[in-house]
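In: Please find the sequence and the predicted model below.
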Amino acid sequence: MKNIFLVLKREYLTRVRKKSFIVMTILGPLLIGAFYGFIGWTAMSSISLKKVEVIDESNLFKGKFKNTEELSYTYSSQSLDAAKKYFSKSKQDALVYIPKDIMENPKGVKIFSEKSLSIELQNGIEKTIENEIENIKLTEAGITQKVLEDAKMNVSTETISLSAEGEKSNSAVAATIIGYICAFLIYITVFIFGVQVMRSVMEEKTSRIVEVIISSIKPFELMMGKIIGVALVGLTQFTLWIILSFAVTTAATAMFGEKFAGSPQQRMEQVKNMPQAQEIEKQVKKESSKGVGLYGRAMKAVQTLPWVTILVCFIFYFLGGYLLYSALFGAVGSAVDSETDVQQFMLPITLPIIFAIAIAQFVIREPDGNLAFWTSMIPFTSPIIMMVRIPFGVPAWQIILSMVILTGGFIGTTWLAARIYRVGILMFGKKPTFKEIGKWIFYKG
Amino acid sequence: MNNILEVHNVVKRYAQHTALNNVSINVPKGLIFGLLGPNGAGKTSLIRIINQITGPDEGHILFNGQKLQPEHIKEIGYLPEERGLYKKMKVGEQLLYLAQLKGLSEKQAMEKLKEWFIKFDIKTWWTKNVEDLSKGMQQKIQFVATVLHEPQLIILDEPFSGFDPINANLIKDEILELKKKGTTIIFSTHRMESVEELCDHVALINKSHKVLDGPKKQIKEQFKTHTYSVEYLGDLSDEYADFDIIKTETVEDNYKKSTIKLKPEVPVNGLVRQLIDKVEIRTFGENIPSMNDIFIAAVNEIPQ
């Protein structure tokens, strides 16, 4: 144990003192801050109202287009031709034309704009019109508004998930984003730190210091010290990133956020200051007082996620996945003599990680499916896949089972890697084959 | 207990070949022991087994009479043939690290390092990166790392390779100094002149077998050919009863040099007496085999 600690200390200190570590630690949060600031900035600039003029010849849609933070609808009674002529001079972003015979000819709706419209806006307009036509047709068919509401409530129960702590609303979007971010972080870090372990082993081998060291301590102690030391470097970097990011994003929020996510009053003031937006002030007031702004909704969804579980699992799966793979990376480093030989031996290790991140997108679509279950049990893919699933809520027994298997998995790979490592680090001058490496595992003493 | 190390019937097999086949060696305490042998003979395998880097497939090893155990690592210092240092690490930190791996506390290591840095006059190297040192300088650092924890047994594999003659001498003096203090040194090399100079006892391994083992003097005695060289003026071309002339060559100024083999049970003085009568002697001496001759003879003796 004492020897592992000595190795660990050296690995940790030499890495943490490196310029590249310090640069990355400072640069990381700055990049995150810049990213956050960029999102804030684009969100703010996209909030600049899009104005849509509606020419409703059917007179069915008066007041049906709801104003939002991004969109303001005005109704016009001019003819389409007149409006089109006037359009380029007016500061409208889009012009929606609904013909008289919309009920019979739903394809007659036209949207005019100078710049191409976002799909979102187009879909929104289409959906509003579709819904309204549907409502009218349903009412005509004798279905009352009440029946309709009931029907809608049935639909909305699907977005409420049952969990141990009782019912709470869940946001699939927030879960998807968080799950994917966690999975991707694990993917990247396992790679970065795994390769660091490999390089470190190769450095010892090519500089020939390794024989001096293993005449003092056991190869296993050297390998474990290295793996744990690099893991601690990773955790240190994460911790510093979180602290610094928090500081930077707090600063960024102070700059952008107040306007972006501030209180309704502030937002109203801001809206007031835009002279051309005064006519929609009323609508905005209504919106804000309901407290269902975009940001508010996102925050609510984010708050409902199982954060403690996510954090605990993230640390566990990061460590588990890292230990599992870095041992194998270490074994590869011990088997080769030069950088050029690395590729061939890295392939069998990197394939499962890449496979895991590739199937993550299918798992997100069906977080409780068979594929999701099995890949979150297999230790080679579970660190990534389980992190994708956890924000959606995973039964405790599955998490525990997966953790136990992962623990067994990394003990297994560490054992295997140690067998290869102790032989590999003393093999100089020739490139081994997979067959030879296989034989090393069974060498005695 | 006179032997610090006893190797008993050690066998080490690898996938394709046997590196050591039933090798037994005793290393007496306080001597410089030369472990000789051609490349690939199995020396490194044996040294690695002594260092507990690998284990023997058969046989056992005693260290100070006890079965070799992990705790004996502290009592052994090893300078491998393939050696190096962490290039990007500072000299001082590196030596402290290596000493701590050998079980010294940081404080002990510091004290001993100070002595060595003063002795070798390398105080300014402490904060230098290893990669900024020359190869010879790095070798010195490695030597310090090998002996710093004051082990009872030091194993040096080709210690002089990469040294200029001045530094080689410095290291040689240190080796003799260590011997004086009672340290046993196993010395593996191809350089027969340093074996000649330093070793008290030699063992020779060839093709995974031990072919020679014993005190240097005794081995030389064993390999004596009972031949003498004589340089003279005159002629020695007849047949003689007590000795044979093996070969004669002319050196400068009419002097000739002959190699003479004495017949059994004829004393050397008798030979000299007979020679005095016949020729005018310039030099006379016994041909004592060099370690080089012995090495070549012993290696070639084994049928291929």
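Out: That came in fine, so what should we check first?
In: rest of the way, CA atoms for contacts and neighbours
Out: Noted.
In: Domain boundaries for chain A, per the record?
Out: By the assignment in automatic domain parsing, chain A contains the domains A:50-144, A:171-258+A:301-441.
In: Find the centremost residue of the chain, please.
Out: All of this is about chain A. By CA atoms, centre = their mean, chain A has its centre lying nearest to residue A:181, at 2.8 Å.
In: I was thinking of chain B, sorry if that wasn't clear
Out: Most central in chain B (CA atoms, centre = their mean) works out to residue B:34, at 3.0 Å.
In: sorry, back to before: same question for the host helix or strand of the residue nearest to the centre of chain A, mean pLDDT?
Out: Assessed by DSSP states H and E, residue A:181 sits inside helix A:172-206. Regarding helix A:172-206, the rounded mean pLDDT is 86.
In: what about it, near chain B?
Out: Yes. Helix A:172-206 comes into contact with chain B (CA under 8 Å from any CA of the partner chain), by way of residue A:204.
In: Which elements pack onto that helix?
Out: Secondary-structure packing of helix A:172-206 (3 or more CA pairs under 8 Å, 6 or more residues apart in numbering or on different chains; DSSP states H and E): helix A:219-252, helix A:294-303, helix A:307-335, helix A:339-365, helix A:382-389.
In: Between the ones you listed, which shows the greatest average number of neighbours?
Out: For those, the largest average neighbour count (mean count of other CA atoms under 10 Å in any protein chain shown) is found in helix A:382-389, namely a mean of 30.
In: returning to that earlier point: OK, contacts around the residue nearest to the centre of chain A?
Out: Counting by CA atoms under 8 Å, 6 or more residues apart in numbering or on different chains, residue A:181 makes contact with nothing.
In: before we move on, what about the one 4 residues further on?
Out: Not one residue lies near residue A:185 by CA under 8 Å, 6+ apart.
In: That one and residue B:59: what is the separation?
Out: Using CA to CA, to the nearest Å, we find residue A:185 at a distance of 52 Å from residue B:59.
In: any idea which helix or strand carries residue B:193?
Out: helix B:192-198.
In: Tell me how many other residues surround residue A:58.
Out: 14 (other CA atoms under 10 Å in any protein chain shown).
In: Likewise for residue B:124?
Out: Neighbour tally, residue B:124, other CA under 10 Å: 9.
In: And what about it, helix, strand or coil?
Out: At residue B:124 the chain is in helix, as set by DSSP: H, G, I helix; E, B strand; the rest coil.
In: Quick one, grab the pLDDT at it.
Out: So, for residue B:124, pLDDT stands at 89.
In: Equivalent analysis for residue B:188, please.
Out: Residue B:188 carries a pLDDT value of 90.
In: and the gap between the residue nearest to the centre of chain B and chain A?
Out: 20 Å (CA to the nearest CA, to the nearest Å).
In: re earlier: rank the domains of chain A by mean pLDDT and give me the bottom one.
Out: domain A:50-144 (a mean of 76).
In: hmm, back to that, which strands or helices does the helix holding residue B:193 pack on?
Out: helix B:291-301.
In: Report the beta-bridge partner residues of residue B:67.
Out: residue B:62 (DSSP bridges).
In: residues near it, how many?
Out: Residue B:67, neighbours per other CA under 10 Å, totals 12.
In: Next, the closest residue to chain A within the stretch 101-250 of chain B: phi, psi?
Out: When CA to the nearest CA is the measure, the stretch 101-250 of chain B has its nearest residue to chain A at residue B:102, with 5.6 Å between them. For residue B:102, the backbone dihedrals are phi -90, psi 10 (criterion: degrees, to the nearest 10).
In: Do I have it right that it meets residue B:74?
Out: Yes. Contact criterion CA atoms under 8 Å: residue B:102 and residue B:74 qualify, at 5.5 Å.
In: More neighbours: those two, which one.
Out: Taking neighbours as other CA under 10 Å, residue B:102 and residue B:74 compare with residue B:102 leading, 26 against 20.
In: Report the contact partners of the more buried one.
Out: Applying CA under 8 Å, 6+ apart, the residues contacting residue B:102 are A:216-217, B:73-74, B:149.
In: Output the residues you listed as JSON lines; include the columns distance to residue A:54.
Out: Converted to JSON lines, the contacts of residue B:102 look like this (distance: CA to CA, whole Å):
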{"residue": "A:216", "distance to residue A:54": "83"}
{"residue": "A:217", "distance to residue A:54": "80"}
{"residue": "B:73", "distance to residue A:54": "88"}
{"residue": "B:74", "distance to residue A:54": "89"}
{"residue": "B:149", "distance to residue A:54": "90"}
